[in-house]
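Q: sequence-free structure coming up:
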């Protein structure tokens, strides 16, 4: 278990692990084919929809920025060629372990 700092505060690997597990569960939640919204194609949550979910669940207190919003969560995790972007000054801080 470790901790890391960002320009907004201190964060824990445990929190990140829990969020990762949540994202993995959400990527398995698919809208079945034949739905009114998506027609004959099965649909899985996209990054833009995940950002909307974060904003909705936080009652609008968190505004999520999205890069590549059409990408599904499963593509994000399965595609090793997806670039990692800097995330608000994140640095590991072993002194907090």
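A: Yep, it's here. Values in this document were obtained by computation on a predicted structure and should not be read as measured data.

Q: And residue 21, what's its pLDDT?
A: Note on residue 21: pLDDT of 92.

Q: cool, and the one 3 residues further on?
A: For residue 24, the model assigns a pLDDT of 90.

Q: and it, that's in a strand?
A: No - per DSSP: H, G, I helix; E, B strand; the rest coil, residue 24 lies outside any strand segment and is helix.

Q: check which helix or strand covers the nearest residue to it once chain neighbours are set aside.
A: Closest residue to residue 24 apart from its sequence neighbours, by CB to CB, 6 or more residues apart in numbering: residue 77 at 7.3 Å. The C-beta positions use only the backbone N, C-alpha and C, and glycine is treated the same way. With elements taken from DSSP states H and E, the one containing residue 77 is helix 73-78.

Q: now what about that helix, what contacts it?
A: Residues outside helix 73-78 that contact it (CB atoms under 8 Å, 6 or more residues apart in numbering): 23-24, 26-27, 44-47, 50, 82.
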